[in-house]
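[1] Need a 3D model of the following:
(2 chains)
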2 protein chains.
Amino acid sequence: MNEIDDILRGIRRKDPRAIGRAISIVEEGDQRAGEILQILDEETVQKATIMGITGSPGVGKSTLVDQLIAYYRRQGLRIGIVAIDPSSPISGGAFLGDRIRMMRHTIDRDVLIRSMATRGRLGGLCAAAGAAARIMAGSGCNPVIVETVGIGQAEVDVVSLADITVLVFAPGLGDDIQAMKAGLIEMADILVVNKADCPGADALVMEIESVIQGRNCPVCRTIAPETAGIEELAAVIRDMDQKKRQNGQFAQNRQKARESEVLDWAVEMMRIKLKNQLKSQSRQIKGDPRMIARKLIEEISR
Amino acid sequence: MNEIDDILRGIRRKDPRAIGRAISIVEEGDQRAGEILQILDEETVQKATIMGITGSPGVGKSTLVDQLIAYYRRQGLRIGIVAIDPSSPISGGAFLGDRIRMMRHTIDRDVLIRSMATRGRLGGLCAAAGAAARIMAGSGCNPVIVETVGIGQAEVDVVSLADITVLVFAPGLGDDIQAMKAGLIEMADILVVNKADCPGADALVMEIESVIQGRNCPVCRTIAPETAGIEELAAVIRDMDQKKRQNGQFAQNRQKARESEVLDWAVEMMRIKLKNQLKSQSRQIKGDPRMIARKLIEEISR
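    Okay, here's the model as predicted:
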């Protein structure tokens, strides 16, 4: 009996170790990843909602996710969390940082938490996170939360794999941060002002509302260390999910997400090929890098 | 007489419009980019130091850069700034945000400021920023400062194109941010604790020193709205630059930077090809995304 059979049975039994192993196999680009992803129960995966939660550092995202987990657990739901960690491109390790706050859930068999490092690879991140979310969904997690820190390309990519995207703000973080978030606002389904009891919260809500200008995008207020606003937020998410499933947006999104996942893998595979080709010769790089890039492509196409 | 000749003469004359046009041509992936990049005076480009300045939002990076510009101008130096802006993947516009603080330099012909949006393209960012820095260097700017906001992959990429990397911290920004910076610490040449007059600055310096542990990485303190520490920082940068040029690290770095630039362009070209191929057929994507990715690669290789 091979390991993949073991793992698949483990996933069906909701064994956290088997699920973790499956995600590792996919993340590491193991050959057997395909077998795992093909055998997941498609109906169960479709039933789950993949929720992207993002926002700048300091907005209290982890605490908010923690409260959401607690809320969904009270509803008897099984939850998956894929936490994207910016990490050292050299050591390659995932930073757990304030994930520790989520620790109270780690002994709960129905809360799966997977930390995923961005490492040097951007290409594979979206793909690996998408696959991890599907494996969790396939093991009966619903919702699956994909949490990202920051505002880089990783956020944009990860947001594109989610069915519903929640963008979290907090008052008092300065213009620097506010400006950066503007780009993501257009992609978000739901906006949250966390730390809603802090000075500046009302002004921030007004500012956000002026940016979204009549777009049908709910703005929720939460105070995450307490449970204030969490139930309301969950209700807004649920309504949005239902609406998207009814009007076909959900299915369309999933198709698009799968497409970017495929593209991601393909680009990543090509990157490795190109890198090896570049390293295979000691060449002096002078002049137009694009001309050299074109040559490189010709060389690997031969 | 063609436009490229005009532009090249403009660059030699240090005409900001010609330099701006040259960068646009490179950034837009215009065919003529190669001509421009090939004709830059290699010696002048080698002489210039490309300085990467990065750090989380809120550390006061822009104010620090502003002070550095003022310092270098007092030395009679000509400065280039490439400011990488996270921007809307939908509208594609660059966010100027607190760049406005740099405005006092915009009427100075010897301060070139170019804002570059990350947009959806990650691939081309590093390449475009590298080319922009070289064009500025070719027009006699030294140093050229490449400033990035955030901690995503863009930072890692941009850092890799710099000769010297300065990572900026500030006290009082919370664990969230501190954890994220740890990954970049390993790549930085010089660490700066800005807002050194704020509570928590001493503790932050100690924390940073415990992370770098004996690694020979200077830690500077600055108070950017004033000029405190700016001269010292500039001196540390200058010493580091000299050392790197003497021990061969500088040349090695540049070679590596050019390699990643080439790789970047090549990957970007392939991404476009793969995307078009993916869109050329309406396919149902089910099962293993990597198998489909492999098929896609086969299809474009035919």
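
[2] And the helices in the stretch 1-150 of chain A?
    For the stretch 1-150 of chain A, helices defined by DSSP state H, counting those that start in this stretch occupy the ranges A:3-12, A:16-27, A:33-39, A:42-47, A:61-74, A:123-138.

[3] helices or strands up against the first one?
    Meaning helix A:3-12. helix A:16-27, helix A:33-39 (3 or more C-beta pairs under 8 Å, 6 or more residues apart in numbering or on different chains; DSSP states H and E). From N, CA and C alone the C-beta is placed, and that goes for glycine too.

[4] I'd like to know the average pLDDT value across that helix.
    Averaged across helix A:3-12, the pLDDT comes to 87.

[5] could you dump it to CSV, C-alpha only?
    Only the C-alpha atoms of helix A:3-12 are listed here, as CSV (Å, rounded to 0.1, in the frame of the first residue of the first chain):
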residue,chain,number,x,y,z
GLU,A,3,1.8,6.5,1.0
ILE,A,4,-0.7,8.4,-1.2
ASP,A,5,-3.5,5.9,-0.4
ASP,A,6,-2.6,6.3,3.3
ILE,A,7,-2.8,10.1,3.0
LEU,A,8,-6.1,10.0,1.1
ARG,A,9,-7.7,7.8,3.7
GLY,A,10,-6.2,10.1,6.3
ILE,A,11,-7.8,13.1,4.7
ARG,A,12,-11.1,11.4,4.7
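
[6] mind checking which helix or strand of chain A has the lowest mean pLDDT?
    Between all helices and strands in chain A, the lowest mean by mean pLDDT, DSSP states H and E belongs to helix A:174-185, at a mean of 58.

[7] returning to that earlier point: which one of the helices and strands packed on helix A:3-12 lies nearest to B:Ile53?
    helix A:16-27 (32.6 Å; C-beta to C-beta).

[8] re earlier: with mean neighbour count added, can I get the helices of the stretch 1-150 of chain A in a markdown table?
    Shown next, in a markdown table, are these (neighbours: other C-beta atoms under 10 Å in any protein chain shown):
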| stretch | mean neighbour count |
| --- | --- |
| helix A:3-12 | 16 |
| helix A:16-27 | 20 |
| helix A:33-39 | 20 |
| helix A:42-47 | 14 |
| helix A:61-74 | 21 |
| helix A:123-138 | 27 |
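
[9] Make TSV from these and add distance to A:Ile113 to it.
    Shown next, in TSV, are the helices of the stretch 1-150 of chain A (distance: least, C-beta to C-beta, whole Å):
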stretch	distance to A:Ile113
helix A:3-12	16
helix A:16-27	10
helix A:33-39	19
helix A:42-47	19
helix A:61-74	9
helix A:123-138	10
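
[10] How about A:Lys273, nearest residue that isn't a chain neighbour?
    A:Ile300 (5.2 Å; C-beta to C-beta, 6 or more residues apart in numbering or on different chains).

[11] per-residue pLDDT, the one you found?
    Model confidence at A:Ile300 (pLDDT) stands at 86.

[12] Isn't it up against A:Ile272?
    No: using C-beta atoms under 8 Å, A:Ile300 makes no contact with A:Ile272, being 10.4 Å away.

[13] Looking at the two, which is more packed in?
    A:Ile300 (16 against 13; other C-beta atoms under 10 Å in any protein chain shown).

[14] low-confidence ranges in the stretch 1-150 of chain A?
    A:1, A:85-107, A:118-126, A:149-150 (pLDDT under 70).

[15] Mind doing that once more with 80?
    Along the stretch 1-150 of chain A, segments meeting pLDDT under 80 span A:1-2, A:28-31, A:33-34, A:38-39, A:56-58, A:85-108, A:116-127, A:149-150.

[16] next one: the stretch 201-302 of chain A
    A:211, A:214, A:281-289, A:301-302.

[17] That one: strands as residue ranges?
    Assigned by DSSP state E, counting those that start in this stretch, the stretch 201-302 of chain A shows strands spanning A:219-221.

[18] list the buried ones in the longest helix along chain A?
    Longest helix in chain A, counting residues (DSSP state H): helix A:249-279. Using 16 or more other C-beta atoms under 10 Å in any protein chain shown as the test for burial, helix A:249-279 gives A:250, A:253-254, A:257-271, A:273-275, A:277-278.

[19] so who does the residue positioned nearest the centre of chain A touch?
    In chain A, the residue lying closest to the centroid (C-alpha atoms, centre = their mean) is A:Val146, at 3.4 Å. Taking C-beta atoms under 8 Å, 6 or more residues apart in numbering or on different chains, we find A:Val146 in contact with A:Ile50, A:Met51, A:Gly52, A:Ile53, A:Ile81, A:Val82, A:Ile84, A:Ala129, A:Ala133, A:Val158, A:Leu161, A:Ala162.

[20] Of the residues you listed, which are in range of chain B?
    Counting by C-beta under 8 Å from any C-beta of the partner chain, nothing from these sits close to chain B.

[21] Out of the residues you listed, which two sit at the greatest distance?
    A:Ile81 and A:Leu161, at 14.4 Å, using C-beta to C-beta across the contacts of A:Val146.

[22] looking at this, A:Met187 is in a helix?
    No: secondary structure of A:Met187 (DSSP: H, G, I helix; E, B strand; the rest coil): coil, not part of a helix.

[23] how many other residues sit next to it?
    Count around A:Met187 with other C-beta under 10 Å applied: 18.

[24] Excluding chain neighbours, what is closest to it?
    For A:Met187, the closest residue by C-beta to C-beta, 6+ apart turns out to be A:Val159, at 5.3 Å.

[25] wait, isn't A:Ala170 in contact with A:Lys61?
    No: checked against C-beta under 8 Å, the pair A:Ala170 and A:Lys61 is beyond contact range at 9.0 Å.

[26] Quick check: neighbours shared by the two?
    Counting by C-beta under 8 Å, 6+ apart, the residues touching both A:Ala170 and A:Lys61 are A:Gly55, A:Asn194.

[27] In stretch A:205-222, which residues are buried?
    In stretch A:205-222, counting by 16+ other C-beta under 10 Å, buried: A:Val205, A:Ile208, A:Cys217, A:Pro218, A:Val219, A:Cys220, A:Arg221, A:Thr222.

[28] contacts for that stretch?
    A:64, A:67, A:169, A:178, A:182, A:185, A:188-194, A:196, A:201, A:228-230, A:232-233, A:236, A:240.

[29] and chain A, what are its domains?
    A:1-39, A:40-247, A:263-301 (automatic domain parsing).

[30] just how off-centre is the second one within its chain?
    Yep, that's domain A:40-247 we're talking about. From the chain centre to the centre of domain A:40-247 is a distance of 8 Å (C-alpha atoms, centre = their mean, to the nearest Å).

[31] Over to it now: how far is its first residue from its last?
    Start-to-end span of domain A:40-247 (C-alpha to C-alpha, to the nearest Å) is 26 Å.

[32] related to what we said a few turns ago, B:Glu35: which of the helices of the stretch 1-150 of chain A is closest?
    helix A:123-138 (30.6 Å).

[33] so that closest one versus helix B:123-138, what angle?
    Interaxial angle of helix A:123-138 relative to helix B:123-138 (axes from the mean of the first three to the mean of the last three C-alpha atoms, to 10 degrees): 160 degrees.

[34] Surely A:Pro171 is in contact with A:Asp197?
    No: taking C-beta under 8 Å as the definition, A:Pro171 is not a contact partner of A:Asp197, at 9.5 Å.

[35] Look at these two and report which has more neighbours.
    Between A:Pro171 and A:Asp197, A:Pro171 has the larger neighbour count (other C-beta under 10 Å), namely 20 against 13.

[36] pLDDT value on that one, please?
    87.

[37] Need the three-state assignment for it.
    Applying three-state DSSP: A:Pro171 is coil.
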